[in-house]
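J.: below: sequence and its predicted model.
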Amino acid sequence: MESELLKFCAGQEIHVIEAMQKIDHNARGILFILDAEEKVIGSLSDGDIRRWLIRTGELQANVTSMMNRNLKIRYSGEEEEALLEMQEQKIKALPIVDADRHIIKILFDCDEPKEILSKKNTKLKGVPVVIMAGGQGTRLYPYTKILPKPLIPIGDIPIIERIINKFFDFGAGDYYVTVNYKKGMIKSYFAELSPEYSVSYVEEDKPLGTAGSLRLIKKNFDRPIFVTNCDILIHADYANLYEYHQKSGNVMTIVTALKNIVVPYGVLKSREQGIVTSMEEKPKLSYFVNTGMYILNPEVIEMIPPNGMFHMTDLADDLLKKGSQVGMYPISEDSFLDMGEFEEMKRMEEKLEL
């Protein structure tokens, strides 16, 4: 098999974490699963993995547990029919195979006519987005001595504008930006930008944490809202995320990212009397971490104490104690970009190919 095709294929023996990493690397959101004879037997999308993790939370499962065994295929010579089928059935990727079900080519949705791809996504039209931009960004000092963190450029575009652009791609047009530190610079930037969307400012007189300033918003929201930190980028289908929240019964949905940590030492397990039972060299631990993006039902805003320091994690804890349903929406490690520290800023720029 050609090396380019190998990026989109995996053997049936791999597990969830390996599959997520491979999907990250190919940047197409899908893998085709092959048997021992390299015949295609199923497909696995990032959505399939997400649904599995939400349902089971099992990170060590084999991909055959969650793959789609009824995948669409077309045989060599049927490319024209395949493209039409992809357009009609909104299929993102379709393999072209030979008579033995060996993949010889993969068609992607970007192979469709450009006029189909250019239709604007409006699924989040009317959905409010709150961006927490009032912090001092002390971890990025001395940059933040000159600029507020939201205006620090990633490439030639400030991080806050990149965040808004991601939401705007899905039709969101109403943004509420909480401001405090160097707020005049943030306001001036958007005034000069004259964007197509609406930006309202929520002014803090003192730091209120990642949730406290939500109580300062005068508008009574009639639908769930996005809340996001101003120093992260999330690569995900925001419309799918919003739809998941609405159908899940969650009052809060936390976007979580897989985080793999390698212990740089050999780890020993032991029993009584200090007897070693096993050793593992440089084990890898996997967790889901809070990315700093949330969807909230509007009624939970009333649980935030007025005019005091309060974080989104405090709100989540209070909801859990109350017995309310808090859920997570998992994404892969490479789909979460954080510019909170200098090393992470470099990674963000590399990921965005800037």
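T.: Yep, it's here.
J.: can you pull out the low-pLDDT segments for the stretch 201-350 of the chain?
T.: 340-345, 347 (pLDDT under 70).
J.: let's see that with 50 instead.
T.: Nowhere does the stretch 201-350 of the chain drop to pLDDT under 50.
J.: excluding covalently adjacent residues, which one is nearest to Asp46?
T.: Gly29 (4.7 Å; Cβ to Cβ, 6 or more residues apart in numbering). Placement of C-beta: from N, CA and C, glycine included.
J.: pretty sure that neighbour sits against Met20.
T.: No - judged on Cβ atoms under 8 Å, Gly29 makes no contact with Met20 at a distance of 10.8 Å.
J.: looking at the two, which is more packed in?
T.: Per other Cβ atoms under 10 Å, whichever of Gly29 and Met20 has more neighbours is Met20, with 26 against 20.
J.: for the more buried one, phi and psi?
T.: The phi/psi pair for Met20 (degrees, to the nearest 10) reads phi -60, psi -40.
J.: look up the closest residue to it, ignoring the ones flanking it.
T.: Nearest to Met20 is Ser332, by Cβ to Cβ, 6+ apart, at 4.5 Å.
J.: ok, the one you found - how many residues close by?
T.: Ser332 has 22 nearby residues by other Cβ under 10 Å.
J.: and for Gly29 and Met20, which residues touch both?
T.: Common contacts of Gly29 and Met20 (Cβ atoms under 8 Å, 6 or more residues apart in numbering): Asp46.
J.: what's the end-to-end length of stretch 307-326?
T.: 24 Å (Cα to Cα, to the nearest Å).
J.: what's next to it, contact-wise?
T.: Under the contact criterion Cβ under 8 Å, 6+ apart, stretch 307-326 has outside partners 207-212, 215, 227, 248-254, 290, 292, 294, 300, 303-304.
J.: run the last query once more with 10 Å
T.: 132, 204-216, 227, 229, 248-254, 290, 292-294, 296-297, 299-301, 303-305 (Cβ atoms under 10 Å, 6 or more residues apart in numbering).
J.: please list only the buried members of those residues.
T.: For the contacts of stretch 307-326, a burial check counting by 16 or more other Cβ atoms under 10 Å picks out 132, 204, 208-216, 227, 229, 250-254, 290, 292-294, 296-297, 300-301, 303-304.
J.: take those and keep only those in strands.
T.: Using DSSP state E, the members of these that fall in strands are Met132, Val227, Asn229, Met252, Thr253, Ile254, Asn290, Gly292, Met293, Tyr294, Leu296.
J.: and those, which two are the farthest apart?
T.: Between any two of those, the greatest separation by Cβ to Cβ is 16.6 Å, found for Met132 and Thr253.
J.: Leu241 sits in which helix or strand?
T.: helix 238-248 (DSSP states H and E).
J.: can you tell me what sits against that helix?
T.: With contact meaning Cβ under 10 Å, 6+ apart, helix 238-248 is reached by 46-47, 50-51, 54, 121-124, 127, 129, 166-167, 169-172, 223-226, 234, 237, 250-253, 255, 293-297, 325, 327-329, 331.
J.: and the residue of the chain most remote from its centre, what are its phi and psi?
T.: Distance from the centre of the chain peaks at Gln273, with 46.4 Å (Cα atoms, centre = their mean). Gln273 adopts backbone torsions of phi 70, psi 10, taken as degrees, to the nearest 10.
J.: hang on, Arg28 packs against Lys92?
T.: Yes - with contact defined as Cβ atoms under 10 Å, Arg28 counts as touching Lys92 (7.6 Å).
J.: helix, strand, or coil at the closest residue to Ile96 other than its chain neighbours?
T.: Nearest non-adjacent residue to Ile96, counting by Cβ to Cβ, 6+ apart: Lys105, 4.1 Å away. Following DSSP: H, G, I helix; E, B strand; the rest coil, the label given to Lys105 is strand.
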